[in-house]
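Asker: need a structure here:
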Amino acid sequence: MERFLSRIFEKLSNAKAGGLFAFIFFVVAVLICIFGFWKTFFILIFTLFGFIVGAFLFADEGRFKKFLDRILPPGRVR
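Answerer: Residues are numbered from 1 along each chain as shown. Here you go, the predicted structure:
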């Protein structure tokens, strides 16, 4: 997780971070105007949760295979 956060801060340290955050906040503002605060909050929380889970599972291929083995029984499929 520490390596992941350091990569994010490294990418945000360049000059394009202002444009990126302007776009992100524009999208959030449009979502609030369309759906309202609580529905937008719900969408953002689940998006963040999905991003964290995806980054955790796909960071290591072996971890993802172990996750699939827990959910799907190993056998005929692979």
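Asker: got a pLDDT number for F41?
Answerer: Per-residue pLDDT puts F41 at 93.
Asker: please read the previous query as pertaining to L12.
Answerer: 68.
Asker: T40: neighbour count?
Answerer: 18 (other Cβ atoms under 10 Å). No exception for glycine: its C-beta is placed from N, CA and C like everyone else's.
Asker: leaving out chain neighbours, which residue sits closest to it?
Answerer: Counting by Cβ to Cβ, 6 or more residues apart in numbering, the nearest residue to T40 once its immediate chain neighbours are dropped is L31, at 4.3 Å.
Asker: from what I can see that neighbour touches F42, true?
Answerer: No. Applying Cβ atoms under 8 Å as the test, L31 and F42 come out as separate, 10.4 Å apart.
Asker: thought L44 was touching V28?
Answerer: Yes. With contact defined as Cβ under 8 Å, L44 reaches V28; the gap is 7.2 Å.
Asker: how would you label P74: helix, strand or coil?
Answerer: Secondary structure assignment for P74 (DSSP: H, G, I helix; E, B strand; the rest coil): coil.
Asker: quick one: residues contacting it.
Answerer: Neighbouring residues of P74 by Cβ atoms under 8 Å, 6 or more residues apart in numbering: there are none.
Asker: numbering from 16 from now on, please.
Answerer: Yes, from this point I'll number from 16; that puts the last item at P89.
Asker: mind checking pLDDT for the residue nearest the centre of the chain?
Answerer: Taking Cα atoms, centre = their mean, the centroid of the chain lies closest to F66, which sits 1.8 Å from it. What the model reports for F66 is a pLDDT of 86.
Asker: how much space between it and L87?
Answerer: Per Cβ to Cβ, to the nearest Å, F66 is found 23 Å from L87.
Asker: next one: E17
Answerer: Distance, E17 to L87, using Cβ to Cβ: 31 Å.
Asker: quick check on those two: which one has the bigger neighbour count.
Answerer: Using other Cβ under 10 Å, the more surrounded residue of E17 and L87 is L87, with 10 against 6.
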